[in-house]
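S.K.: Turn this into a structure:
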Amino acid sequence: MKENKIKCYTCSIEIEEIDSIAFDGAFYCEPCYDEIEECDKCGEKEYEFSEVDNESWCSSCVDSYAYSCDNCGEYEHIDNSYSANDWYNTYCEDCYSELYGYCYSCDSSYLHEELVYSNDSYYCEDCHNTSGTEIIDSAPTSYQGNSIDNGKFEKVNIKRLVGMEAECVYKDSSRILRAPTGWNMTSDSSISSSGDYSGIEWVSIPSRGDAIHDILTDLNTWAKDNMAHVNKSCGFHVHIDATDLDWKDLVSIAIVTQKLENYIYAMLPKSRREVSWSKPIRISKDFLKSVKSHEDFISEWYTSLDSSPSNDKYNDARYTGLNLHARYYLGTIEFRYHSGTLNLKKMLNWVKICNSIVETGIKLNRDSEWSGREFFMSDDLYTVNDVLDKMENLDDGVKGYMVERIQLFEDDANEEGASIIDDIQPSHAVGELIYDLGLGENMGATIDTSEAGYQVPYESIS
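M.R.: All right, here's what the predicted structure looks like:
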């Protein structure tokens with residue numbers, strides 16, 4: 001039987017039909033078929049291509065994995081798209097940078113002509129016009145996000161929502177990390193790492209009660225599984241929900257913190273006392289006891305920290321051990337004193353201490369008949385146990401932990417023949433350590449570590 005011959009669609013030579021290759025409704029000889037280009041994305045042959053990231057893509061791949069920049073019309077991979085606040089337009093990186101910038105305060109994108117340049121940064125009109133009164137008016141009054149609450153308070157008797165930020169480094173094997181239950185991963189350029197280790201920050205979903213214990217336990221497990229550890233650049237920050245607190249509560253919380261602050265620094269490594277992102281309270285106790293208005297408090301607080309009121313997350317006022325700036329842009333009180341840790345006991349005890357400071361401050365402000373009021377408002381010298389015994393919702397185990405940590409660092413310093421903190425001089429009295437921290441008004445406070453009942457064993461991460 002005679003074979004039918006057909007012409008190659010490209011070169012027009014006659015070939016046996018059996019030797020032809022059909023493609024896109026036409027027939028080709030093998031050499032011409034081989035010359036038809038293939039899509040760099042899917043590998044399929046195609047006549048018409050669009051350039052995407054310096055590659056030739058077929059129309060199907062362009063529809064599925066690319067977009068056309070609404071400014072220049074060029075195709076880009078969909079993962080490299082940029083959208084402004086209105087989400088109506090999509091841009092390539094170059095066009096987006098040409099058209100838009102970010103407000104330094106709220107981190108939202110705006111057209112360049114909508115931003116105001118001030119103090120070496122660009123701001124949107126709303127943030128640029130923010131004053132002390134305006135940050136008061138705009139401060140969050142409720143939390144609307146997700147939270148974890150299992151209704152149990154046997155292990156952790158904390159009713160307020162608590163958020164935590166745990167900075168660490170881990171063995172980077174280029175694998176996808178399992179997120180600990182209740183935590184979200186974010187990056188933090190302030191975390192130092194070297195070799196095959198990478199820095200990471202875990203941010204918890206706000207939780208209360210025993211849920212705090214559960215998510216910290218899983219974070220500790222994750223740390224062991226991934227050979228994670230901390231270094232001097234890491235911190236463990238605690239946020240306590242403060243959306244229901246007024247300015248007088250904040251003042252009282254600052255007074256309580258100031259009373260305890262020397263001892264907080266004394267329970268931490270020396271390296272933590274030397275950093276610039278957890279500075280001591282600089283406002284005077286006399287002012288805190290006499291301030292008459294919210295506006296005056298705001299002005300003095302920010303001024304004492306060489307800053308001014310704003311809704312900017314990275315306002316310089318945030319870099320204090322007691323970060324009250326967080327109340328005005330986030331709705332929390334942040335405690336930044338603590339060094340980095342993934343140790344379950346350390347994390348739990350520090351969360352309880354932070355919550356106790358807040359609860360004690362609220363008690364000081366709202367209960368005029370409270371027996372501890374005179375103590376916290378006085379300028380008399382006191383021991384660490386004097387303070388801890390007046391704190392609200394602080395059990396003996398936590399008190400013992402704090403006293404032991406203070407003694408631990410003092411013992412280490414004594415072995416080196418010097419005090420653990422510059423300008424701190426231990427006394428020769430048995431069971432007492434006299435501290436002059438140079439960090440506030442509580443100079444010469446006496447720390448009594450003689451009570452044997454306050455004993456909590458020190459634990460490592462493992």
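S.K.: How many residues are close by residue 317?
M.R.: By the measure other C-beta atoms under 10 Å, the count of residues near residue 317 is 24. All C-beta atoms are positioned from the backbone trio N, CA, C, and that covers glycine.
S.K.: That one against residue 299, yeah?
M.R.: No - under the contact definition of C-beta atoms under 8 Å, residue 317 does not touch residue 299, with a separation of 11.6 Å.
S.K.: and the protein, what are its domains?
M.R.: The record's domain parsing of the chain by automatic domain parsing lists 5-35, 80-125, 141-377.
S.K.: In terms of mean pLDDT, which of the ones you listed ranks lowest?
M.R.: Note on these: domain 80-125 shows the lowest mean pLDDT, a mean of 77.
S.K.: Do me a favour and get the end-to-end distance for it?
M.R.: The stretch domain 80-125 measures 28 Å between its terminal residues, going by C-alpha to C-alpha, to the nearest Å.
S.K.: now do stretch 6-14
M.R.: 5 Å.
S.K.: Could you give the separation of it from the chain centroid?
M.R.: Here stretch 6-14 is found 67 Å from its chain centre; the criterion is C-alpha atoms, centre = their mean, to the nearest Å.
S.K.: Kindly report the same for stretch 261-270.
M.R.: In terms of C-alpha atoms, centre = their mean, the centre of stretch 261-270 is found 22 Å from the chain centre.
S.K.: in it, what's buried?
M.R.: Neighbour counts over stretch 261-270 (16 or more other C-beta atoms under 10 Å) mark 261, 262, 263, 264, 265, 266, 267, 268 as buried.
S.K.: next one: stretch 12-23
M.R.: Neighbour counts over stretch 12-23 (16+ other C-beta under 10 Å) mark 15, 20, 21 as buried.
S.K.: What about those residues, which are in helices?
M.R.: Using DSSP state H, no member of the buried residues of stretch 12-23 falls within helices.
S.K.: now those in TSV, with distance to residue 95?
M.R.: Listed next are those as TSV, based on distance: C-beta to C-beta, whole Å:
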residue	distance to residue 95
15	49
20	46
21	42
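S.K.: Kindly indicate which of those lies nearest residue 125.
M.R.: Distances from the buried residues of stretch 12-23 to residue 125 were compared by C-beta to C-beta; the smallest belongs to residue 21, at 63.8 Å.
S.K.: For the nearest residue to that closest one once chain neighbours are set aside, give me its contacts.
M.R.: Excluding the flanking residues, the one nearest residue 21 by C-beta to C-beta, 6 or more residues apart in numbering is residue 33, at 4.4 Å. Going by C-beta atoms under 8 Å, 6 or more residues apart in numbering, residue 33 touches 21, 23, 45.
S.K.: and residue 394, how many residues sit next to it?
M.R.: Using other C-beta under 10 Å, residue 394 is surrounded by 21 other residues.
S.K.: Please report the distance of it from residue 191.
M.R.: In this structure, residue 394 lies at 31 Å from residue 191, with C-beta to C-beta, to the nearest Å as the measure.
S.K.: Tell me the helices and strands packed up against the helix or strand harbouring residue 213.
M.R.: Assigned by DSSP states H and E, residue 213 falls within helix 210-225. Taking 3 or more C-beta pairs under 8 Å, 6 or more residues apart in numbering; DSSP states H and E as the contact definition, the neighbouring helices and strands of helix 210-225 are strand 162-171, strand 183-186, strand 197-204, helix 344-366.
S.K.: mind listing what's buried in stretch 385-404?
M.R.: Counting neighbours by 16+ other C-beta under 10 Å, one finds that the buried residues in stretch 385-404 are 385-388, 390-392, 394, 398-404.
S.K.: Looking at those residues, which two lie furthest apart in space?
M.R.: Using C-beta to C-beta, these reach their maximum pairwise distance at 392 and 404, which is 21.2 Å.
S.K.: The helix or strand just after the helix holding residue 213 packs against which elements?
M.R.: Proceeding N to C from helix 210-225, the next assigned helix or strand is strand 236-241, under DSSP H and E. Secondary structure elements in contact with strand 236-241, counted by 3+ C-beta pairs under 8 Å, 6+ apart, are strand 162-171, strand 332-335, helix 344-366.
S.K.: same thing but 10 Å
M.R.: Counting by 3 or more C-beta pairs under 10 Å, 6 or more residues apart in numbering; DSSP states H and E, the packing neighbours recorded for strand 236-241 are strand 162-171, strand 197-204, helix 325-329, strand 332-335, helix 344-366.
S.K.: From the centroid of the chain, which residue is nearest?
M.R.: When the chain is reduced to its mean C-alpha position, the closest residue under C-alpha atoms, centre = their mean turns out to be residue 165, at 5.0 Å.
S.K.: Spit out the contact partners of that one.
M.R.: For residue 165, the set of contacting residues under the criterion of C-beta atoms under 10 Å, 6 or more residues apart in numbering consists of 183, 186, 188, 201-204, 235-239, 334, 336.
S.K.: Closest to residue 323 out of those?
M.R.: Within the contacts of residue 165, distances to residue 323 taken as C-beta to C-beta reach their minimum at residue 334, with 3.8 Å.
S.K.: these two touch, right, that closest one and residue 313?
M.R.: No - between residue 334 and residue 313 no contact is recorded; they are 11.0 Å apart, counting by C-beta atoms under 10 Å.
S.K.: what touches both of the two?
M.R.: Taking C-beta under 10 Å, 6+ apart as the contact criterion, the residues that touch both residue 334 and residue 313 are 325, 326.
S.K.: Neighbour count: those two, which is higher?
M.R.: Set side by side, residue 334 and residue 313 show more neighbours around residue 334, with 22 against 14, by other C-beta under 10 Å.
S.K.: who touches stretch 47-57?
M.R.: By C-beta under 10 Å, 6+ apart, the list of residues contacting stretch 47-57 reads 23-24, 36-42, 46, 58-59, 61-68, 74-80.
S.K.: For that stretch, list every residue counted as buried.
M.R.: 49, 50, 52, 56, 57.
S.K.: and the contacts of residue 165, which two are the farthest apart?
M.R.: Comparing all pairs in the contacts of residue 165 by C-beta to C-beta, the longest separation belongs to 183 and 336, at 18.6 Å.
S.K.: So residue 311: helix, strand or coil?
M.R.: With DSSP: H, G, I helix; E, B strand; the rest coil as the basis, the three-state label of residue 311 is coil.
S.K.: contacting residues around it?
M.R.: Here residue 311 is in contact with 103, 105-106, 123, 126-127, 130, 134-135, 138-139, 325, 328-330 (criterion: C-beta under 10 Å, 6+ apart).
S.K.: Not counting its neighbours along the chain, what's nearest it?
M.R.: Nearest residue to residue 311 in three dimensions, chain neighbours excluded: residue 329, at 4.8 Å (C-beta to C-beta, 6+ apart).
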